[in-house]
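[1] Predicted structure and sequence below. I'll ask about it afterward.
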Amino acid sequence: MGVSLKFEGRDVISIKDFSREEIDYILKIGQAMESIAVKGSDMLRGRILATLFFEPSTRTRLSFEAAMHKLGGSAIGFAEAEIASVKKGENLADTVRVVENYADVIALRHPLEGAARLAAEFAKVPIINGGSGAEEHPTQALLDLYTIMKEKGEIDGLKIALIGDLRYGRTVHSLAYALSLYNIELYLVSPESLKMRREVLQTIKERISVTEKTDLEKIVPLVDVLYVTRIQKERFPDPAEYAKVKGSHKIDLETLSKAKEDLIILHPLPRVDEIAAEVDNTSHARYFQQVWNGIVVRMGLLALILGAVK
Ligand code: CP
């Protein structure tokens, strides 16, 4: 590394706040956590993570908590706003100013875009964005990059397609920004009404080759990585609009008949019906391996932010 990188005490709000060099370093530390995740460590003994999740989650919250436990630390928090004092009218700024007394770092998921940034302005401890509305999900992007690197050896030189809900899907916004730091060709495949957010597109097009398509068939044979996403039903302002695009893309054995032999399929999960169960046992499926990678990357990130690893 040419310059010294500083992670201790840092917020993780947007993947855009990180350079390629910093991202590569986080992935490297994630890799070093693979064996530690199996045997355990006490490098974060006495340190506390608070998970404040105002939206449902299985992977992000549990993997952050598991990551903390595997490093010898502990985790507190809530998984729904209904049981927190937010229900009594407490605002987010007050909530984080209270929780910073109990925890060394806060992982926050919130339905509002900008919520993590706002929380970071008020909190004295680092805030990690675990998903802010349809805006971003930076730690998911880190584990997605890690999965691609682990499976393919390197990210540079690949052809990668992001498929599905590119408008409301926060994981694809963070991932597109992150991938634009690498030398890749990006294909964006979605129904017309769910095309990639224009501000994301504008930024990434300045750095890499981007092709937008509505038809998946011609893209599948070209690419090395298919990143499939769920249509985010809960974010549609109009249920009639969701009905128009529901089930608009599905990866099954027939879709994959012309795919490269070494194509890998990723999905941030949860999936609904966009990847058929018959794909799970093919050599292409990597979405359950991705879940494990979420642990090691989040272990690395916590160790860096809390200063246990430089
Ligand atoms: N990938 C992801 O964010 O999953 P959860 O919603 O279960 O955290």
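    Noted; the coordinates are in hand. Numbering: from 1, shown residues only.
[2] List, one by one, the residues from the stretch 1-150 of the chain near the ligand.
    Ser57, Thr58, Arg59, Thr60, Gly131, His137, Gln140 (Cβ under 6 Å from any ligand atom). Any C-beta I mention is one placed from the backbone N, CA and C, and that applies to glycine too.
[3] just so I have it, where are all the helices in the protein?
    Ranges of helices within the chain are 20-39, 59-70, 92-99, 115-122, 138-152, 170-179, 198-205, 239-245, 287-305, based on DSSP state H.
[4] Looking at the ones you listed, which one is packed in the most?
    Highest mean neighbour count among these (mean count of other Cβ atoms under 10 Å): helix 170-179, with a mean of 26.
[5] Quick one: work out the angle between it and helix 198-205.
    Per axes from the mean of the first three to the mean of the last three Cα atoms, to 10 degrees, the angle that helix 170-179 makes with helix 198-205 is 20 degrees.
[6] let's have the chain start at 420 instead
    Yes, from this point I'll number from 420; that puts the last item at helix 589-598.
[7] Residues touching helix 589-598, excluding its own?
    433-435, 437, 442, 550-557, 559-561, 563-564, 574, 579, 581, 583-585, 605, 607, 615-616, 619, 622-623, 627, 646, 648, 687 (Cβ atoms under 8 Å, 6 or more residues apart in numbering).
[8] By mean pLDDT, show me the worst of the helices of the chain.
    Among these, helix 658-664 carries the lowest mean pLDDT, a mean of 93.
[9] about what we covered before: with respect to Ile724, which of the residues of the stretch 420-569 of the chain next to the ligand is nearest?
    Thr479 (15.7 Å; Cβ to Cβ).
[10] got the contact list for the closest one?
    Residues near Thr479 by Cβ under 8 Å, 6+ apart: Phe472, Ala526, Arg528, Gly549, Gly550, His556, Thr558, Gln559, Gly713.
[11] let's go with 10 Å and repeat that
    Neighbour list for Thr479: 470, 472, 526, 528, 547-550, 556, 558-559, 562, 687, 713, 717 [criterion: Cβ atoms under 10 Å, 6 or more residues apart in numbering].
[12] With Asp692 instead?
    Arg649, Ile650, Lys665, Gly666, His668, Lys669.
[13] cool, and Val629?
    So Val629 contacts 581, 595, 598-599, 603-607, 615, 619-620, 623 (Cβ under 10 Å, 6+ apart).
[14] Which of the residues you listed sits closest to the ligand?
    Closest approach to the ligand among those (Cβ to the nearest ligand atom): Leu581, at 14.4 Å.
[15] Which two among the contacts of Val629 are spaced furthest apart?
    Spatial extent of the contacts of Val629 (Cβ to Cβ) is set by the pair Glu604 and Val619 at 16.5 Å.
[16] I'd guessed Leu645 sits against Thr701; true?
    No - the criterion here is Cβ atoms under 10 Å, and Leu645 misses it with Thr701 at 11.7 Å.
[17] returning to what we had before: tell me which of the contacts of Thr479 is nearest to the ligand?
    Nearest to the ligand among the contacts of Thr479: Pro687, at 3.8 Å, using Cβ to the nearest ligand atom.
[18] what pLDDT, on average, does stretch 670-689 get?
    98.
[19] and it, is it in reach of the ligand?
    Yes - counting by Cβ under 6 Å from any ligand atom, the ligand has neighbours in stretch 670-689: Pro687, Leu688, Pro689.
[20] In that stretch, which residues are buried?
    Neighbour counts over stretch 670-689 (16 or more other Cβ atoms under 10 Å) mark Ile670, Thr674, Leu675, Ala678, Leu682, Ile683, Ile684, Leu685, His686, Pro687, Leu688 as buried.
[21] List the contacts of the fourth one.
    By Cβ under 10 Å, 6+ apart, Ala678 lies in contact with Val639, Pro640, Leu641, Val642, Asp643, Leu645, Ile670, Ile684, Thr701, His703.
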